Every structure is written in C-alpha cells, then in structure tokens.
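In: structure for the following, please:
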Amino acid sequence: MTVSRLSLLCRDLWALWLLLKAGADEIMHQDIVPLCAADIQDQLKKRFAYLSGGRGQDGSPVITFPDYPAFSEIPDKEFQNVMTYLTSIPSLQDAGIGFILVIDRRRDKWTSVKASVLRIAASFPANLQLVLVLRPTGFFQRTLSDIAFKFNRDDFKMKVPVIMLSSVPDLHGYIDKSQLTEDLGGTLDYCHSRWLCQRTAIESFALMVKHTAQMLQSFGTELAETELPNDVQSTSSVLCAHTEKKDKAKEDLRLALKEGHSVLESLGELQAEGSEPGVNQDQLDNQATVQRLLAQLNETEAAFDEFWAKHQQKLEQCLQLRHFEQGFREVKAILDAVCQKIATFTDIGNSLAHVEHLLRDLASFEEKSGVSVERARALSLDGEQLIENKHYAVDSIRPKCQELRHLCDQFSAEIVRRRGLLSKSLELHRRLETSLKWCDEGIYLLASQPVDKCQSQDGAEAALQEIEKFLETSAENKIQELNTIYKEYESILNQDLMEHVRKVFQKQASMEEVFHRRQASLKKLAARQTRPVQPVAPRPEALAKSPCPSPGIRRGSENSSSEGGALRRGPYRRAKSEMSESRQGRGSAGEEEESLAILRRHVMSELLDTERAYVEELLCVLEGYAAEMDNPLMAHLLSTGLHNKKDVLFGNMEEIYHFHNRIFLRELENYIDCPELVGRCFLERMEDFQIYEKYCQNKPRSESLWRQCSDCPFFQECQRKLDHKLSLDSYLLKPVQRITKYQLLLKEMLKYSKNCEGAEDLQEALSSILGILKAVNDSMHLIAITGYDGNLGDLGKLLMQGSFSVWTDHKRGHTKVKELARFKPMQRHLFLHEKAVLFCKKREENGEGYEKAPSYSYKQSLNMAAVGITENVKGDAKKFEIWYNAREEVYIVQAPTPEIKAAWVNEIRKVLTSQLQACREASQHRALEQSQSLPLPAPTSTSPSRGNSRNLKKLEERKTDPLSLEGYVSSAPLPRPPEKGKGWSKTSHSLEAPEDDGGWSSAEEQVNSSDAEEDGGLGLKKLVPGKYTVVADHEKGGPDALVVRSGDVVELVQQGDEGLWYVRDPTTGKEGWVPASSLSVQLGPSGSAQCLSSSESSPGSAVLSNSSSCSEGGQAPFSDLQG
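Out: Numbers count the residues shown, from 1 in each chain. Next up, the predicted model:
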C-alpha cells in the first residue's frame, strides 16, 4: 500500500511537472525576436525609419522613412538591423499582408531619391505591398524627377508598385490621415523617444519572463529527479535547500509580474482602447502582448505552486518518516536495555533495610525509565497520527507502533511483578524483624531480672508476672507456623531466605524454651512453702568481695580449677543449706552465660546490620552523586567550581567502599556464629583501615568545596532522584562516623566476652582502632602546620600533640626577656615526634565546620637527642620542664590537667629510654667488633673504650632516668614475699649487674634528676602505697606469682627486685608478685595523678609509667573525631 501511494504521488508530481514545462516552453518560444531595442538603441535613435503604428486600408503596417539628409551615409549593417527590427514588431498576421513604405524626399534631390528607393528595395527583409514616395517639391527637381522616373522606370521595377507623389494630399488618397503622423499631415500621435522607451520596457519584460521560465523549468527538473534520502539530516537538508530555491523562484516570479504590470500601466490600458482616438494598433498590440505574458506567468505560477505543494508534502512526509524511524531505533535500544536491566533485578533482599533499599532502587529505576517509556508511548501516538494523515509509508509505520506498545506494556507488567515480589519480601522481613525484636526484648527481660531477688517468693512472683505478661504479646509478634510461612511466601523464598526464616523460627523457639524454663523455676519458687532454714555463715573471703557486677562485666582468672569457677559464680549464688538451692544457683549462672551469648549475638547483629547499611549508603553516594558528575546529561547543572573536583569532594570514598563491600563485610559475615572471635577479623584487616586517614585528611578540602557549591542545582537534582532527606554533606560524614562507631561496638562486644576465647583479640582490636583514631586525629592537626621548612616525615612518627602554656628560662639571652618569661606565658601547641618536639602557635580561623579548624604556625623545634625533662616543678602539679643542651634552654610547660601532664611525661620518657637503649646497644656492638678485630685483647678490651664511655656518659647525662625495657624479665627465681609487719620500703637495684659495665649508678641518677636538685639533694623519696589498675594479663610465674587480668584493681604492698612488685588483690585477699609494667596508677579524688619522676622511680616503676601513659593518653586525642 505504501509503494502504491508513493507511486501515485510520484505520478501526480510528474503530470504537474509536464504541465509546468509546457507553460515554460510556450513562454520561451513566443515573442522572441532576433534583435532587441536595447541592442540597437543608438541606431534607432537616428530615426531614419520608424514604425508609427499606422495602418493602411487593408491593415498593412506603415513604415515611414522621414527626410534624412545623411541617409546615404548610414552603414548597411545598421540599415539592415533597423529594417529587420521594425518588420519584426507587427504581428505575424499583419506582417503577412505586407508593409506600406512612405518615403519622404520632399526636400531632397532626385539623385538621393533614386539611391534611397534602390537601397530600400534591395535590403527590405519583409513583404512589401506598396511604396509611396513624396518626390522633391522644387520645380527643377520635380521636373527632373518626372523625366528621370520615366526614362529609368526599369531601374525601379520591383515586386510591388512604386508611386511617386507630388504632395501630401496625394498621400492621403492612399493612407487615411488618422494613420499618418503630423509631419505627413496626419493626426496620429507619435513620439519616437516614447516609442523607444516602451519597446525597451516591453522587451525587457519579455526577457525576464523567458529567464523566469527557464529557471522554473530547471528547478522543476531538479525536484522531479530528486531521490528521497534515508536519514533525517539529509532529508532536512534537501527540504531546506528546495525551500530556499522555491522562495527564490517565487521572488523572481513576483518581480516579473510586478514588472509586467508596470509596463502595462505605462502603455495606458483603458476600458475601450481600440475606439479612442490617438491610440494606434501597435500600442494595442503591445498591450495585448504584455497582458498575454502576464496571464501566462500567472498560469505558470499556479502550476508551480501546485507542483511545489505536492513535492513539499512528499519531502515533509519523508522527513516525518525518517524522524519516526530514528526515534524508533533510539527508543527501541533504550527499552531493550531497560528490559535487560530489569531482568537482572532478581534479588529479593536479605534484610528489611535491604528490601527497602531495593524498593527505593526499583522506584528510582522506574522513575528514570519512565521518561523512556513515555517517549515510546508518545512516539507510538505520533505514528498513529501519521497513519491518520494518510502517510505514504503506512505499512512501515503501523508495525513499529505495535512493537513500541508491546515493549511499554511488557516493561510496566515487569515493574508491577517486581514490586509485588519486593512488597511480599518486605512484608516477610517485617514479620521476621518483629519476631527478632520480640526475641531481643525477651532476652533483655531475662537478663534484667536480678537472680538474687528472684529467690524470694515476692521477687519470684513479680518476675513471673513480667514473663507471663511478655508471653501474652507473642500472638502478634512471633511466627506461628513455619509451613504456613513457606506456603504464603512461596513465590519469593529462595534457599538463603528459607534458611533465614528457619533460623529466626529456631531463635524464637529457643527463646520461648528459655522463658518456659524460667517460668517453671519461678513458679516453683513462688509456690514453695515456708520452712525453717538453717543459715550458713559466709566464707571469710566472701566478705571482701565487691558488689555484684552487671552480667556483662566480670573479672577473674582463667584458672580451670573449681575454685576459680566458684569465684566467678560467687556473686550470683546464695549460701543456703539445701542442695536444691545450690543447684538452683548454678543453674542461674548458666542462664547468665546464655544471656551473655545472646547479647553477643545481638551486638554482632547490630555490627552486621550497620555495616550493610553503611556499604549501601556509600554505594548510593557514589552512584547517585559521584557518577552523575561524569554524566553528560547532568553537565549543564554543574557549576564551574565543581569541574574536575570530584576527587576533592569525595576523597577516596570509592576505595573505602570497595574495601568494605568486597572484603570486610564478607569476612564479618563469617563470624555470625562466633561473635566473640570477631576481633580477629579487625586485626587481620587493621592495615586496610589506614585508608580512613587519607579520607579524613581530605575532609577539610571537601567541606570547603561543599560550602562553596552546596546550592548548586546538581546536588538538589541528585538528592531529589535519590529521595534523600539529608543533603550530601551528611553522607560525606559517614566514613568519619563509621570508624568511630567500631570502637563502641568492640567495647560492647568485649563487655560481654570477658571470659571467652577471643577476649584478648577483642582487646587488641579495640586498642588498634583507638590507635587509628588517634593517628587520624593527630594527622589532621599535623597537616595544619605552616612555616616548617623541612619534611615532617623525617621527624618520625607523631606520638602526641596538644596545647600548653610555656615559659622560657634560658641561660643566654636578654635579661628583660628572662624576667618577663616567668610572668607571661606563651600559648604553644606541641607536637611530640620520635626525633623532635615542635613548638607551634595555634591560630583560629574564621568560618564554620572545618573552616574553623585551627592552623599552627611553626616557631621552633628541639632535637630529642639533646632533650631532657624535669617531671615535677614546685608549686604546680600540672607543670614539667623540657630542657635542651644541658639546660642552656629551659621550657616550663603547663598542661591543662595533671593527667595530660603525666601522659606527656611518660611518652617523653619512653622516647628518651629508647634512644638510650639504642645508644648502649651501639656501644656494645662497637666494643664487640673491636675485641674481635684484635688478636691479643688487652684486659680492658671487654669494656667500652674511654672515648666511648665519655660519649655515652655525656648522652646519659641528658636523660632523666636509666630505664630498661626488660627490667622485669628475669630467669632467676622470684623474690621471697616480704615479712609480716615490715612497712613500705624501697630497695634499689641496678639494671646492669656489674656497676662498672657502663650502667647508671644511684649517684648518677641524683645528678641528672631535676627532682633531686629541687629537693635539696636529700636523697630518694619513698613511694606511697595505693591502688593500681592492671593493664595487662599476667599468668606465668612461680608459686609466689599472682595471676591477674586486665581491669583488676590491686593494692601495692612492696617494690621488689627486677621490675617486680608485691601486690594484694582486695577482692580475693590473695598476694603475690606481678610485673610493674602490668600496673597503671589510679587517680585519686583530687584528679591528680601519682606520677613517678626519674629521681624517685626504679626500673620497674618506669615501665609502670609507660604503660600508664598508653592507657590514659590513648583516648584523649579522639575528641575531634568523636565530637
């Protein structure tokens, strides 16, 4: 049908083209003269012959040859051109009758008359009817002409008669006066110049008509031979080009018509042209010619307009078809991709949050795809409209419209099916979440019931009522029948989801079983009769025990003996005489352990749920914001400040996402059944968590860029598409919040896993996470340092940083500065590195958020190889001294609190100790090399050389204390316990056995100790006994060693040898030796710390202070992140 309609249209166009061509040919082949007035205008202006428009009695045109003295001098070419032109003007009908020549020679000579007549007779190009000659009027010439004409008649013998006239009245006998001009005694109005202008205008118009006809014919040929293009661009180009040419042709036609009407108006067209006097036949013929040309132009224009309308319709329908086909190809490709994409949406979710996220993704996908679907439906409607408009390609358009409708309906049906499945999955997961929440509430209810209060009848009845009230809520919260669930949700159940449903059902059943057991035992306790009970006095050691701790926090050794187990269960049983009550106490302890296991699983569930949500949020940000910044369709919404700034805005978030999604989340899921071992997962991936340091260091730049561009339409559009209630900056904070969340979850897990296998791993993982937080916080301060010329990385690891008040007291310098230094402190921010300590001035910046973060102007630095410290300054427990180059420079530093001072002092002592140890090892190594290089060693070669000893002593004088890192490690038997009644005494022991082997003597300690100087050299102070916290487990040792766990509190009895202290456990009353490194001093009520200075510390106490600094200073720098 399409081909037939196209063929019919082509036939119509061809017929119209033939009609147009015929009209153009008619115009081009008529009224065309070999010469134009414009070509021989100068010759015509001589007026030696003219066509006045007069006619003879039979209508013969009259050509007048006026008196022209120079007639004989006219060149033959010019004469021939004028004769040819004049004879071509009358119509063919008039010219066929023959021309009448009027030769006026009244003022001429006979010789000229003869020459003129002979010349005209020889050169006249048309038919002649009659030649009338007005002979000369002079008597002599007239007589001569009569005689000469008679004798030379044969010379004038022509095809037509030649009549010699003597006067004008004789002429009137042959031609009417109305057909003669005034110079021949007639009344015909003739102006040669006016005639010449009219002829020029008429011929110009005729030539214009000819050119217009040629142009239309050429253009029509081009249109008729044009093939329809196969693409939109080419079709549009052809249509535009043809339209431009059509407009030009129409303009030429308009100009030609305008010219024709102008010529016709100049000829003086009137109603009765032929009846008015003064209007000759030539004028009437000219008017008729112009009118005929105008009529033909109008007919040609009408034919061209009809032809163009058909041609334009064909091109426009072709363009519509090409647009439709191009749109169909694009929409078809998009719909195919959409159908393929939705076919991949097979996931039904593994949690409530996951299903909700999938539903949001489906809604977002439907919204994004809806644009393409609506475009397809609109395109189908356009195709239907083309069919209704009788397009020639109906057979090609209709199948495409049907295919588009089918694809749209298929997409809509699949969206509805997917939404139905996800809604079903959402309903199931809500029921599972409700059941799990109900189980957790039941578990917390059981864990919150104090076991000792339940031993009484009233307590048991109250607990029983709580349990029964809780069980009444089971109908609307728990899963009733597993088979019913399987049948109801059969369409969405896969293997993993069935397993999840089964586990929830098992957890629900296990929880109900625990409830029923508790309910049964409480019923027995509530229903038992009152009978006399013989009380048993408690054991002596039980009187010293601390109050019953919470179920999640327990201390005690891991001794497998029954005594250790009894101690752990002690707070939860009562001393009764009946064995049944004793068994009941042991059962309560078992329930407590089960409750702890449930709480651990709850913490693990929270860790996994929040981890999955965290991964989904990161993916949402990366796909919904970061990827859209590279989307060309969104480029117009981006402000110039965001171009090429994706890495600044998002940092290494993509790296963090891949780590959590591909590695950490999957490894966490392996610990679902053993949550107490999850610390190992953190320890194995602790190095990978360093990526957060890079993210946090970039956070200030990201915050600054966000504040500059937060009102960009790009972010608003992305937020709208993602349906986020919070803006992007809230999600950019997620990684910072997540890294701080881990330590809280690890603390919670450690709280419920004290006596489990993975407790040590959990403690180590917690310490490592806290260390990462500290490193992140310190690094964010470190990058704010300005003005330091060197490389901060060369100073070693950043150990601590904080703000202090600093006074200077130098031996050299201006006296006024020294005096003012003690009254006006400087506010300095100190950065303690392994190799140097930096003094900086803190400068607060204006702005909000990270813009308000301070910067630090570098002032000076001290090399740690030349630094010493004085731990206590008189008059202030928060002050200590840092001195440089044997006290040439002294800096009195005041910390905000005594605790911060203690942490800094201990950390500086650790740095100085490590330097001293390294120096000693280097000295011993050099001495060993020298001894091996000599064949006969001298007796003194076993000790360091004098120069080395002198250098070593000079270095040791800069240190505060000869500390040993292995002070408490010894293969010798433990010291004997102190005798009863002996007080708090301290015994000094050297770290090195031989005193002359480079060791530090007590005298050296007094010389290098600032405390000794300030106390007037009165000797060493005695340590005050007090309570200390165990910071490291201690299990190994001899029979006099005391087994302690991290977190226990002990009392110091006596300081012993080789880094061992004799302590008492106030909970059990046991006493024994423990390493001093395992203890940390407790704070008193005043908030000040018992800090051991270099002058009053033994090697063991030094290690104690180091451990204390780690435990106390570990969390201080995290305020920036946790806040």
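
In: in this protein, where's the longest strand?
Out: Secondary structure of the chain per DSSP state E: the longest strand is strand 798-808.

In: convert it to PDB, retaining C-alpha atoms only.
Out: Output of strand 798-808 as PDB, limited to C-alpha atoms (Å, rounded to 0.1, in the frame of the first residue of the first chain):
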ATOM      1  CA  LEU A 798      53.800  11.700  65.600                       C
ATOM      2  CA  LEU A 799      53.300  10.400  69.200                       C
ATOM      3  CA  MET A 800      51.300  13.200  70.900                       C
ATOM      4  CA  GLN A 801      50.100  16.700  70.300                       C
ATOM      5  CA  GLY A 802      48.300  19.200  72.500                       C
ATOM      6  CA  SER A 803      48.100  22.800  73.600                       C
ATOM      7  CA  PHE A 804      50.100  24.100  76.600                       C
ATOM      8  CA  SER A 805      51.200  27.300  78.400                       C
ATOM      9  CA  VAL A 806      55.000  27.700  78.000                       C
ATOM     10  CA  TRP A 807      57.500  29.800  79.900                       C
ATOM     11  CA  THR A 808      61.200  30.200  78.900                       C
END
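
In: show me where the stretch 351-500 of the chain has its helices.
Out: Remark: helices assigned in the stretch 351-500 of the chain by DSSP state H, counting those that start in this stretch are 352-388, 394-448, 457-471, 474-477, 482-488, 495-527.

In: oh, I was asking about the stretch 201-350 of the chain
Out: Counting by DSSP H, counting those that start in this stretch, the helices of the stretch 201-350 of the chain are 232-266, 281-343.

In: roughly how far does P1075 sit from Q763?
Out: Taking CB to CB, to the nearest Å as the measure, P1075 falls 18 Å from Q763. All C-beta atoms are positioned from the backbone trio N, CA, C, and that covers glycine.

In: more crowded one of these two?
Out: Neighbour count, other CB atoms under 10 Å: between P1075 and Q763, P1075 has more, with 23 against 20.

In: surely the more buried one meets L1060?
Out: Yes - using CB atoms under 8 Å, P1075 is in contact with L1060, at 6.2 Å.

In: near I342, how many other residues are there?
Out: Neighbours of I342 using other CB under 10 Å come to 19.

In: going forward, the N-terminal residue is numbered 11.
Out: From this message on, residue numbering opens at 11, which makes the last subject I352.

In: how about the contacts made by it?
Out: F375, S379, F421, E424, I425, R428 (CB atoms under 8 Å, 6 or more residues apart in numbering).

In: next one: L628
Out: Per CB under 8 Å, 6+ apart, neighbours of L628: M663, I666, Y667, H670, N671, K744, P745.

In: now V300. Nearest residue, chain neighbours left out?
Out: L274 (4.7 Å; CB to CB, 6 or more residues apart in numbering).

In: in stretch 927-945, what's buried?
Out: Under the neighbour-count criterion of 16 or more other CB atoms under 10 Å, stretch 927-945 has C929, R930, S933, A937 buried.

In: follow-up on the earlier one: run the chain-centre distance for the longest strand of the chain.
Out: Mean-position distance between strand 808-818 and its chain equals 42 Å (CA atoms, centre = their mean, to the nearest Å).

In: and that strand, what other elements does it pack with?
Out: helix 769-792, helix 825-831, strand 836-843, strand 899-904, helix 908-943 (3 or more CB pairs under 8 Å, 6 or more residues apart in numbering; DSSP states H and E).

In: now mean pLDDT and distance to L226 too, for these, in CSV please.
Out: As requested, the helices and strands packed on strand 808-818 are exported to CSV (pLDDT from 0 to 100; distance: least, CB to CB, whole Å):
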stretch, mean pLDDT, distance to L226
helix 769-792, 87, 83
helix 825-831, 46, 106
strand 836-843, 91, 92
strand 899-904, 91, 104
helix 908-943, 84, 101
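
In: so for E491, which of the ones you listed sits nearest?
Out: Across the helices and strands packed on strand 808-818, E491 has its closest neighbour in helix 769-792 (39.5 Å, CB to CB).

In: contacting residues for K55?
Out: K55 touches L206, counting by CB under 8 Å, 6+ apart.

In: one more time with 10 Å
Out: By CB atoms under 10 Å, 6 or more residues apart in numbering, K55 lies in contact with H202, S203, L206.

In: output the below-cut-off pLDDT ranges for the stretch 211-360 of the chain.
Out: Across the stretch 211-360 of the chain, residues meeting the criterion (pLDDT under 70) sit at 279-290.

In: just put the helices of the stretch 361-510 of the chain in a markdown table and tack on distance to K656, mean pLDDT and mean neighbour count.
Out: What follows is the helices of the stretch 361-510 of the chain, written out as a markdown table (distance: least, CB to CB, whole Å; pLDDT from 0 to 100; neighbours: other CB atoms under 10 Å):
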| stretch | distance to K656 | mean pLDDT | mean neighbour count |
| --- | --- | --- | --- |
| helix 362-398 | 21 | 89 | 17 |
| helix 404-458 | 32 | 89 | 17 |
| helix 467-481 | 53 | 84 | 16 |
| helix 484-487 | 47 | 81 | 12 |
| helix 492-498 | 46 | 86 | 13 |
| helix 505-537 | 36 | 84 | 16 |
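
In: can I get these in CSV including distance to V658?
Out: Formatted as CSV, these follow (distance: least, CB to CB, whole Å):
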stretch, distance to V658
helix 362-398, 27
helix 404-458, 37
helix 467-481, 54
helix 484-487, 49
helix 492-498, 50
helix 505-537, 40
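
In: F109 contacts F134, correct?
Out: Yes - if you go by CB atoms under 10 Å, F109 and F134 touch, sitting 7.7 Å apart.

In: quick check: neighbours shared by the two?
Out: The contact lists of F109 and F134 share I73, M93, L96, T97, V141, V170, where a contact means CB under 10 Å, 6+ apart.

In: and the two most separated of the contacts of I352?
Out: Top of the distance list for those (CB to CB): S379 and R428, 11.9 Å.

In: and the closest residue to W1071 other than its chain neighbours, how many neighbours does it have?
Out: Sequence neighbours aside, A1086 is the residue nearest to W1071 in space, at 5.0 Å (criterion: CB to CB, 6+ apart). Per other CB under 10 Å, the neighbour tally for A1086 reads 28.

In: isn't A1086 right next to Q1065, touching?
Out: Yes - under the criterion of CB under 10 Å, A1086 is in contact with Q1065, at a separation of 7.7 Å.

In: I figured S122 hits P146, correct?
Out: Yes - S122 is within contact range of P146, at 8.6 Å (criterion: CB under 10 Å).

In: good, wrapping up.
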